[in-house]
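1. Make a model of this:
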Amino acid sequence: ENQPTKTKISKQTITGEKELEGATLQIVDKDNKVVAEWVSTDKAYYIEGLAKGDYTLVETLAPSEYVISSNVNFSVDDSGKVHQVKMVDKQVKFTKTVTGEKEVEGAEITVTDKETNQVVDKWTSGKDAHYISGLKEGKTYVLSEVVSPEGYVKSTDIEFTVTTDKETQKVNMKDKRVEFTKTDVTGEKEVEGAEITVTD
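-> Residues are numbered from 1 along each chain as shown. Have a look, this model is predicted:
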């Protein structure tokens, strides 16, 4: 007699040390019907009694700071063994530096979906790197500096595509400064009291 099928779904980070909590997941059958939906916890998810056949594991929502994974296809047979299915969420790490030095604080950054023009994440840069939320593997996004910190030149937009490689992807935006000096004819000392305007 055939055993009821049992499938273990594991949702992990690239380090694979423990289960990743807070992802919304679905199992979809070959007719595109959702047969199960749940939010991942700190324990793997077990589902019993799936009919023999082919299925797709779909992530509809990733936890904050993680990328929505590509779908994972799997098959179930009635051998009685527990089927193991693993889905890994990667991260995209954003840094904002002055020509490769320390992080530039106070820049307002947005990330927009290139296709839909929807803003998927926005934040103000701080001392630490930022892990971008709302991204999906295989999609292209535009990183924009909306407001640059005082004394810095606003950076040009950066376009990047989220790879399907299960590794932390890094995106860096460099800010530069333009320094103005007004010196006397000898070129040695600064001249004070001149009114200066900068126009584009």
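
2. right, and residue 96 touches residue 172 too?
-> Yes: counting by Cβ atoms under 8 Å, residue 96 does reach residue 172; the two are 7.4 Å apart. Bear in mind the C-beta positions are built from the backbone N, C-alpha and C, glycine included.

3. of these two, who's got more company?
-> The neighbour comparison of residue 96 against residue 172 (other Cβ atoms under 10 Å) goes to residue 96, with 26 against 13.

4. avg pLDDT for the helix or strand harbouring that one?
-> Element membership of residue 96, judged by DSSP states H and E, is strand 92-98. Strand 92-98 shows a mean pLDDT of 89.

5. hang on, isn't residue 46 packed against residue 6?
-> Yes: contact between residue 46 and residue 6 holds when scored by Cβ under 8 Å: they sit 6.4 Å apart.

6. any shared contact partners between these two?
-> Common contact partners of residue 46 and residue 6 (Cβ atoms under 8 Å, 6 or more residues apart in numbering): residue 82.

7. The two: which has the busier surroundings?
-> More crowded of residue 46 and residue 6, by other Cβ under 10 Å: residue 6, with 15 against 10.

8. quick one: that one and residue 82 touch, right?
-> Yes: Residue 6 lies in contact with residue 82 (Cβ under 8 Å); the separation is 4.8 Å.

9. anything in contact with each of these two?
-> Joint contacts of residue 6 and residue 82 (Cβ under 8 Å, 6+ apart) are residue 46.

10. So which bits of the strand holding residue 96 are buried?
-> Buried residues in strand 92-98, counted by 16 or more other Cβ atoms under 10 Å: 92, 94-96.

11. which is the next helix or strand following it?
-> strand 108-113.

12. What residues of that following strand count as buried?
-> 109-113.

13. now it: mean pLDDT?
-> When pLDDT is averaged along strand 108-113, the result is 96.

14. Let me know the angle separating it from strand 92-98.
-> Taking axes from the mean of the first three to the mean of the last three Cα atoms, to 10 degrees, one finds strand 108-113 and strand 92-98 inclined to each other by 140 degrees.

15. the strands in the protein, which residues?
-> Taking DSSP state E as the criterion, the chain contains strands spanning 6-13, 24-29, 34-39, 45-48, 53-61, 72-76, 82-89, 92-98, 108-113, 119-124, 130-131, 140-147, 158-161, 169-175.

16. Need those in JSON lines (columns: distance to residue 188).
-> As requested, those are exported to JSON lines (distance: least, Cβ to Cβ, whole Å):
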{"stretch": "strand 6-13", "distance to residue 188": "57"}
{"stretch": "strand 24-29", "distance to residue 188": "66"}
{"stretch": "strand 34-39", "distance to residue 188": "67"}
{"stretch": "strand 45-48", "distance to residue 188": "72"}
{"stretch": "strand 53-61", "distance to residue 188": "62"}
{"stretch": "strand 72-76", "distance to residue 188": "68"}
{"stretch": "strand 82-89", "distance to residue 188": "58"}
{"stretch": "strand 92-98", "distance to residue 188": "27"}
{"stretch": "strand 108-113", "distance to residue 188": "39"}
{"stretch": "strand 119-124", "distance to residue 188": "40"}
{"stretch": "strand 130-131", "distance to residue 188": "43"}
{"stretch": "strand 140-147", "distance to residue 188": "36"}
{"stretch": "strand 158-161", "distance to residue 188": "40"}
{"stretch": "strand 169-175", "distance to residue 188": "30"}
